[in-house]
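Undergrad: here's a sequence, model it:
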Amino acid sequence: MRSKPQNKRLYRKALEIFTLSKNISSYLVHDMASLQHNGEEDPTIYFTGDIIRQSDALAPKIITAENQIFQDDRIRQANSLIHITNKIYRNCERLEQTESNGKEFLPLLRKELKKFKHLQKNWMMTL
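TA: Prediction:
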């Protein structure tokens, strides 16, 4: 089983997205950590953790897909990667609706996700 990716551009972009997600999330969580006027926490704070968790799964999923012996398994793993990417994108859209100073950085993450999706489509044709 290989631990190095075949498609280094896609893998590097996945790592960039993870780093960007961590930085944006840590910035957003400070704004969202305070309680709302009614004494409850902001429910969108959980989306910050979701984008980290989901973006952390991108790079390992690429290697897992490439290491599958059968093409059906490679495609199944690649489709799972598409699902994760879409979830990150949706969570970014949700976070953009919050009242936070850091939400200006979310379009940057979505832009990087679009680049990732483009690389992903090309990568899937090689599986």
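
Undergrad: for the protein, just list every one of the helices.
TA: For the chain, applying DSSP state H gives helices covering 8-32, 45-56, 58-67, 71-96, 106-126.

Undergrad: which strands or helices does the fourth one pack on?
TA: Packed against helix 71-96, as judged by 3 or more Cβ pairs under 8 Å, 6 or more residues apart in numbering; DSSP states H and E, are the following elements: helix 8-32, helix 45-56, helix 58-67, helix 106-126. (Glycine included, C-beta is placed from N, CA and C.)

Undergrad: any idea which of these gets closest to residue 81?
TA: helix 58-67 (4.7 Å; Cβ to Cβ).

Undergrad: could you check the angle the closest one makes with helix 106-126?
TA: Taking axes from the mean of the first three to the mean of the last three Cα atoms, to 10 degrees, helix 58-67 and helix 106-126 form an angle of 10 degrees between their directions.

Undergrad: buried sites along stretch 68-86?
TA: Applying a neighbour-count criterion of 16 or more other Cβ atoms under 10 Å, one finds 68, 74, 77-78, 81, 84-85 buried in stretch 68-86.
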